[in-house]
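Asks: Below are the sequence and a predicted model; questions follow.
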Amino acid sequence: MLGRAQVPTTATNYYIAPVLNWEIDFWGKFRRANESARAQLIASHYSYATVQIGLIAEVVSTYFLLIDFYQRLDLSYKTLKARTESLNIIQQRYDKGIVPELDLNQSQIQLEIAVASIPEYERSLVQTKNALCVLLGRLPQDIQEPTFFKDHTIPPVIPVGLPSSLLLRRPDIAEAEYSLQAQNAQVGVATAMLYPSISLTGILGLATAELADVSTDDPAWSLSAGLLGPLFNFNKNTLRVEIEEEKTKQALYNYEFTVLNAFREVQNALVEVNTFRKQLASFKRKYRAAENALRLSLERYDKGATSYLEVLDSQRTSFTVGLELSEIEQQYLNAYVKLYKALGGGWDIERGLNHAESQPEK
């Protein structure tokens, strides 16, 4: 008897069952979550801009401080030179018995005061250079001596009647505003969680002996809908809403504080610019008078019309006022830096208004 031939099969069964699961955003939970995420993203952008403006202000402020120390060091060298010449003259007079030893000692003291001031300002100068290099992202290195004051550069004139709308471009205010929006949207998310969520699940099952037969022309769908409600977590979800509402209040208070602080900083900066300008003018007159008093006292001493104590007092006054003048100049210029920072990048009115108009839609 002949038996039937056994033909081995090479067919392979395939089963594909992708599961599709999604939730209908009936209560706006996902929409509010997207709104919150978008606002947080914009807030982070303004946070970055806040750091940028702060860094710019810090670099310029440190640069002005560097100029201040250069000026103080230069004044110390000039004072040392003048007092060295004065000491040489007094030493010759003392050797001839014309002046007492007290005058010689007083002159030596004044010379050493000038000598001691040089390493002090050299140290401050190097430390300030290093700080500036770090702010610029560089390794500590020498920085060329600035010529800002030598060129008699005058700070720009601040326009009268700056509009408060300039503060709209302050990145910290914009950051606080969008952070408030993001947090407010979280209240909507928490509120939506109080209501049931509708979940739809789709299952597509396909079986075939040939991979080429896989087709979706006539699929077999199995659809199921699930209605899930917060039956056991209602109290927890209610508390979540209350927590998000309290966070929103905190974000609102932070926004209000940021705005009030911005007005305070602008007002303080304007006052500093105005008052330091007056002080600077006064110190310039004072320094000119001190220099003239020193010249006259030296002439009187040379003619024997006064004691060396008058010269010593004039020297101390001239040197002290010179150092104070340099510091006041530095503080005056830094007041402009503070105003630049307080206004969120200067007082260019047209640019400020254009920036406000270009704000992202809320």
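Replies: Now that the structure is in, tell me what you want to look at.
Asks: pLDDT at the most centrally placed residue in the chain, what is it?
Replies: Note on the chain: the residue nearest the mean C-alpha position is residue 54, at 1.6 Å, using CA atoms, centre = their mean. Confidence at residue 54, expressed as pLDDT, is 92.
Asks: can you pull the contacts of it?
Replies: Applying CB atoms under 8 Å, 6 or more residues apart in numbering, we find residue 54 in contact with residue 341. For every residue, glycine as well, the C-beta is placed using N, CA and C.
Asks: Distance check, it against residue 96.
Replies: Per CB to CB, to the nearest Å, residue 54 is found 63 Å from residue 96.
Asks: try residue 173
Replies: According to CB to CB, residue 173 stands 74 Å off from residue 96.
Asks: Likewise for residue 30?
Replies: Residue 30 is 99 Å from residue 96, by CB to CB.
Asks: With residue 73 instead?
Replies: Distance from residue 73 to residue 96, by CB to CB: 35 Å.
Asks: higher neighbour count, residue 173 and residue 96?
Replies: residue 173 (19 against 8; other CB atoms under 10 Å).
Asks: Could you check the pLDDT of residue 185?
Replies: Residue 185 is given a pLDDT of 86.
Asks: Pull the distance from the one helix or strand it maps to to the chain's centre.
Replies: Element membership for residue 185 (DSSP states H and E) is helix 171-192. Relative to its parent chain, helix 171-192 has a centroid offset of 23 Å by CA atoms, centre = their mean, to the nearest Å.
Asks: same check, this time on stretch 287-306
Replies: Worked out by CA atoms, centre = their mean, stretch 287-306 lies 48 Å from the chain centre.
Asks: The stretch 51-200 of the chain: helices as residue ranges?
Replies: Using DSSP state H, counting those that start in this stretch, the helices of the stretch 51-200 of the chain run over 101-135, 171-192.
Asks: Please save the CA atoms from the shortest one in PDB.
Replies: Only the C-alpha atoms of helix 171-192 are listed here, as PDB (Å, rounded to 0.1, in the frame of the first residue of the first chain):
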ATOM      1  CA  PRO A 171      12.900  89.800  32.300                       C
ATOM      2  CA  ASP A 172      12.300  89.100  36.000                       C
ATOM      3  CA  ILE A 173       8.800  90.700  35.700                       C
ATOM      4  CA  ALA A 174       8.000  88.600  32.600                       C
ATOM      5  CA  GLU A 175       9.300  85.500  34.300                       C
ATOM      6  CA  ALA A 176       7.100  86.100  37.400                       C
ATOM      7  CA  GLU A 177       4.100  86.800  35.100                       C
ATOM      8  CA  TYR A 178       4.500  83.600  33.100                       C
ATOM      9  CA  SER A 179       5.200  81.600  36.300                       C
ATOM     10  CA  LEU A 180       1.900  82.900  37.600                       C
ATOM     11  CA  GLN A 181       0.200  81.800  34.400                       C
ATOM     12  CA  ALA A 182       1.800  78.300  34.600                       C
ATOM     13  CA  GLN A 183       0.700  77.900  38.200                       C
ATOM     14  CA  ASN A 184      -2.800  79.100  37.500                       C
ATOM     15  CA  ALA A 185      -3.100  76.500  34.700                       C
ATOM     16  CA  GLN A 186      -2.100  73.900  37.300                       C
ATOM     17  CA  VAL A 187      -5.300  74.800  39.200                       C
ATOM     18  CA  GLY A 188      -7.300  73.900  36.100                       C
ATOM     19  CA  VAL A 189      -5.500  70.600  35.900                       C
ATOM     20  CA  ALA A 190      -6.200  69.800  39.500                       C
ATOM     21  CA  THR A 191      -9.800  70.800  39.100                       C
ATOM     22  CA  ALA A 192     -10.300  68.600  36.100                       C
END
